[in-house]
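K.L.:
sequence below, structure please.
(one chain, ligands or ions: 1)
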Amino acid sequence: MTSSHYRRHNLEQLVRAALNHAKQLNKPFDHKIIAAVDQFHIGGLAATLKMIELAGFNPQDKVLDVGCGIGGAARTIACTSNCHVTGVDLSEDYCQAARLISKQLNMGNQTKFIRANALKMPFKKNSYSALWTQHITMNICDKKALMTEFYRVLKPAGQLLMYEVLCTTRANDSVNYPLPWAKESKDSFLDNIHNYGALIHNCGFELNHLQDVSSTAIVSIQRVIERIKQGGKKEPGLEIILGESFLTMMENLLEALQNDRLSVVEFVATKPSTPN
Ligand SMILES: C[S@@+](CC[C@H](N)C(=O)[O-])C[C@H]1O[C@@H](n2cnc3c(N)ncnc32)[C@H](O)[C@@H]1O
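P.N.:
Below you'll find the model as predicted:
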């Protein structure tokens, strides 16, 4: 099950240890402090910053990060755009870790984390001016229900920003597992660019930006693999969250991207200002 994949024994202690480790390096104590751990997607902080640039958020924005993990992107958006960000995630462990990091960084007022299912979120319609997802749709089978829920909570003229892993061929059985979002194919719900495009359109959004960023993704995964193989495990990284199989997951991911079975894609879409 997706929820058990994202359960990590002792996550709170591991996150505290990563924060303490970073403090000892005399790094600035800001949202970047444990970016190698709290940006749980390919390309890490750089991928998040690129999406923030695409979004052009302003301080009045109310942003919802759906499937926020331990909150790295939410804090980055809040800091760089000076706006309020709410994160929702199915994993209570992750929400707790996200709250802990935000509290330690004195960002408790700019970010809020709520345990919720992306398919049925506890918000009124038209609540948020922007919706953000990074690497969550691979865990969700009913993408039509997901997009419909996104459309419901997004304000008219609001932006939907997605950074997701797609398949290019015969979905789930053409790649090797484990992958960072699923130990086995039964928990992975990959779909192709054609179906994503159709879904975005059919759910009422206007697609403004679509970019395949797989080549950048490949370079960043190669760097992570190199770091682990050179004994970089002493520096906290995503293995804190993903455990011992992290290297295998990254190697499987790299192979699938290099062989054109997976792709990494950015989408920006808008809900019309006068929805139907
Ligand atoms: C690969 S992680 C990405 C986390 C975060 N977006 C990031 O990039 O740092 C996928 C996240 O999606 C969450 N997730 C999966 N299915 C979900 C659902 N139905 N509702 C809410 N969150 C979900 C998982 O708990 C996990 O935190």
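K.L.:
which other helices and strands contact the strand or helix carrying Leu160?
P.N.:
Here Leu160, judged by DSSP states H and E, is contained in strand 154-167. Contacts defined by 3 or more Cβ pairs under 8 Å, 6 or more residues apart in numbering; DSSP states H and E place strand 154-167 against helix 44-55, strand 128-134, helix 193-202, strand 262-270. C-beta here means a position set from N, CA and C on the backbone, and glycine is covered the same way.
K.L.:
does the ligand sit close to the second one?
P.N.:
Right, the one you point to is strand 128-134. Yes: using Cβ under 6 Å from any ligand atom, strand 128-134 reaches the ligand at Gln134.
K.L.:
contacts for that strand next, please.
P.N.:
Residues from elsewhere that reach strand 128-134, judged by Cβ atoms under 8 Å, 6 or more residues apart in numbering: 40-41, 47-48, 51, 55, 57, 60-67, 73, 77, 86, 150, 153-155, 158-164.
K.L.:
can you check the first one too?
P.N.:
Counting contacts by Cβ under 8 Å, 6+ apart, the residues outside helix 44-55 that touch it are 32, 35-36, 39, 41, 43, 72-73, 76-77, 80-81, 130, 132, 134, 159, 161, 163, 209, 213, 216, 220, 266, 268.
K.L.:
mark which of the contacts of strand 128-134 are buried, thanks.
P.N.:
In the contacts of strand 128-134, burial by neighbour count holds for 40-41, 47-48, 51, 55, 57, 61, 63-67, 73, 77, 86, 150, 153-155, 158-164, counting by 16 or more other Cβ atoms under 10 Å.
K.L.:
check those residues one by one and keep those near the ligand.
P.N.:
Okay, of the buried ones among the contacts of strand 128-134 touching the ligand (Cβ under 6 Å from any ligand atom), that's 40-41, 67, 73.
K.L.:
and Arg227, how far from Leu247?
P.N.:
With the distance defined as Cβ to Cβ, to the nearest Å, Arg227 ends up 10 Å from Leu247.
K.L.:
drop anything exposed from the contacts of helix 44-55.
P.N.:
32, 35-36, 39, 41, 43, 72-73, 76-77, 81, 130, 132, 134, 159, 161, 163, 213, 216, 220, 266, 268.
K.L.:
number of residues surrounding the closest residue to the ligand within the stretch 151-276 of the chain?
P.N.:
Residue nearest to the ligand within the stretch 151-276 of the chain (Cβ to the nearest ligand atom): Trp181, separated by 4.9 Å. For Trp181, the neighbour count with other Cβ atoms under 10 Å is 25.
K.L.:
contacting residues around it?
P.N.:
Trp181 touches 5, 135, 138-139, 165, 187-188, counting by Cβ under 8 Å, 6+ apart.
K.L.:
and with 6 Å instead?
P.N.:
138-139 (Cβ atoms under 6 Å, 6 or more residues apart in numbering).
K.L.:
also Pro178?
P.N.:
Here Pro178 is in contact with 245, 249 (criterion: Cβ under 6 Å, 6+ apart).
K.L.:
which helix in this structure runs the most residues?
P.N.:
Counting residues, the longest helix in the chain under DSSP state H turns out to be helix 214-229.
K.L.:
buried residues in that helix, which are they?
P.N.:
214, 216-218, 220-221, 224-225, 228.
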